[in-house]
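Student: Coordinates only, no sequence provided:
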């Protein structure tokens, strides 16, 4: 009963906060549409619950409605009113600070809210309760959905974090907890289970936007997999690609922007790199302080991931000149020594030195990476001969680009 009461409060907080979002973000026509959606949701949910409710519970519920009081544990879903929504607000929410989205951003935000509402409706209709142990996984799922909005709109990183913070608050997270997760969610994408949940949310919203009527129900499978994670079946046999990123001028960034500004740049770097790793099956090995070390089972995936990183960097810089990010990337391939989830040996050392040799916002790769990537839509231009510590004679490195 306690678990169901908690789930009822979870649903209620979403519905009440959703009415606020509609009031702040949506036009009159869209508000009317949302109101009709909430109405149909309530009818569907109440219809399902009628068959399971006891007569005594109905009488109590009826009596409480007459007195205009609610017991959220027994009546978890109510229809929010858009006319008097201020009465339902938490003191934590400051409406005046919200910036109304425009154009594609507004459309993308509305699509996300529809997706969340339909996902929530599916869970209620299927009588699936979100336990406390599921909450973090659900947050990652929604973070993945929010990432689609950023990709399909002109939201910059700070606006994306605000959107993520808002969505996490909508589903019952305390504002302080939501902000902490929103500011640091990219740090969580180190574990395969976490990445899978994030990817599930991304894939579900993409399918939803394509018209997949069952996309909202995919949250059920995601929660089940979260509760029963599969064992990591990755193997270290055979050659792998090792990639290093390095933020250019990190010390200067701290001097110019201060600790907080430099930390923001680092977070942008982390987000760009980790999303590119995710899209090309890369696995982060560790954070080096000024960059990230990652591994790929296939060399061409490492190269394609690096190209996406540079593309994301340029897109960020075009919109955030005052908080610009610059980095270099190096890639090598071989059979490194694997110990305690870390990589060691000459393959790793060479990858790090190749990264050091790269110019600002450039990618350099070894000849073995070029050879292992043959047949893919990638062009490798000779970048020159470089002296490498521990290597006799100059080493030819290559700069990749798309055909």
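Tutor: The structure has been received and is ready for your questions. Since the model is a prediction, treat every value here as computed from it, not as a measurement.

Student: For the rest of this, base every contact and every neighbour count on C-alpha atoms.
Tutor: OK.

Student: show me where the stretch 251-400 of the chain has strands.
Tutor: Secondary structure of the stretch 251-400 of the chain (DSSP state E, counting those that start in this stretch): strands at 283-287, 292-296, 327-334, 337-339, 342-344, 363-365, 378-387, 394-402.

Student: Deepest-packed of these, please.
Tutor: Among the strands of the stretch 251-400 of the chain, the stretch with the highest mean neighbour count (mean count of other CA atoms under 10 Å) is strand 363-365, at a mean of 29.

Student: Packing partners of it?
Tutor: For strand 363-365, the packing partners by 3 or more CA pairs under 8 Å, 6 or more residues apart in numbering; DSSP states H and E come out as strand 327-334, helix 346-357, strand 394-402.

Student: quick one: contacts for the nearest residue to residue 344 once chain neighbours are set aside?
Tutor: Closest residue to residue 344 apart from its sequence neighbours, by CA to CA, 6 or more residues apart in numbering: residue 337 at 4.9 Å. Going by CA atoms under 8 Å, 6 or more residues apart in numbering, residue 337 touches 343, 344, 345.

Student: For the first one, list each beta-bridge partner.
Tutor: On DSSP bridges, the residues paired with residue 343 through beta bridges are residue 338.

Student: Report the contact partners of it.
Tutor: Neighbouring residues of residue 343 by CA under 8 Å, 6+ apart: 285, 336, 337.

Student: Check what pLDDT it gets.
Tutor: On pLDDT, residue 343 comes in at 88.

Student: Look up how far residue 149 lies from it.
Tutor: Relative to residue 149, residue 343 is positioned 35 Å away (CA to CA, to the nearest Å).

Student: now do the last one
Tutor: Noted for residue 345: a distance of 41 Å to residue 149, by CA to CA.

Student: Who has more neighbours out of those two?
Tutor: residue 149 (25 against 12; other CA atoms under 10 Å).

Student: Over to the more buried one: give its phi and psi.
Tutor: phi -60, psi -40 (degrees, to the nearest 10).

Student: pretty sure it contacts residue 110?
Tutor: No - the criterion here is CA atoms under 8 Å, and residue 149 misses it with residue 110 at 9.9 Å.

Student: Would you map out the domains in the chain?
Tutor: 2-227, 240-402 (automatic domain parsing).

Student: mean pLDDT lowest for which of those?
Tutor: Among the domains of the chain, domain 2-227 carries the lowest mean pLDDT (a mean of 63).

Student: Please tell me how far residue 208 sits from residue 112.
Tutor: Applying CA to CA to residue 208 and residue 112 gives a distance of 9 Å.

Student: quick one: contacts for residue 119?
Tutor: With contact set as CA under 8 Å, 6+ apart, residue 119 has these partners: 216, 217, 218, 219.

Student: burial count for the third one?
Tutor: Counted with other CA under 10 Å, residues neighbouring residue 218 total 17.

Student: cool, the first one as well?
Tutor: Counted by other CA under 10 Å, the residues lying close to residue 216 total 23.

Student: Sketch out the helices for the stretch 151-300 of the chain, chain order is fine.
Tutor: 157-170, 175-188, 192-209, 218-227, 250-279, 299-319 (DSSP state H, counting those that start in this stretch).

Student: Just put those helices in a markdown table and tack on distance to residue 373.
Tutor: Shown next, in a markdown table, are those (distance: least, CA to CA, whole Å):
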| stretch | distance to residue 373 |
| --- | --- |
| helix 157-170 | 32 |
| helix 175-188 | 29 |
| helix 192-209 | 25 |
| helix 218-227 | 34 |
| helix 250-279 | 17 |
| helix 299-319 | 5 |
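
Student: can you tell me which of those comes nearest to residue 290?
Tutor: helix 250-279 (6.8 Å; CA to CA).

Student: what comes up buried for that closest one?
Tutor: Buried residues in helix 250-279, counted by 16 or more other CA atoms under 10 Å: 250, 253, 261-262, 264-278.

Student: Show the end-to-end separation of stretch 369-384, please.
Tutor: 16 Å.

Student: who's in contact with that stretch?
Tutor: 241, 298-300, 331-333, 364, 396-403.

Student: go again using 7 Å as the cut-off
Tutor: Outside stretch 369-384, the residues within contact range by CA atoms under 7 Å, 6 or more residues apart in numbering are 299, 300, 332, 333, 396, 397, 398, 399, 400, 401, 402, 403.

Student: from what I can see the fifth one touches residue 386, true?
Tutor: By that I understand residue 396. Yes - counting by CA atoms under 7 Å, residue 396 touches residue 386, with 6.3 Å between them.

Student: picking that back up, I'd like the contacts of residue 337 as CSV, with distance to residue 176 appended.
Tutor: Output for the contacts of residue 337, formatted as CSV (distance: CA to CA, whole Å):
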residue, distance to residue 176
343, 37
344, 39
345, 43
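
Student: between the residues you listed, which is closest to residue 200?
Tutor: Distance to residue 200 across those (CA to CA) is lowest for residue 343, with 28.4 Å.

Student: buried ones in stretch 126-140?
Tutor: Buried residues in stretch 126-140, counted by 16+ other CA under 10 Å: 129, 130, 136, 137, 138, 139, 140.

Student: Filter these down to just the ones in strands.
Tutor: Judged by DSSP state E, the buried residues of stretch 126-140 include no members of strands.
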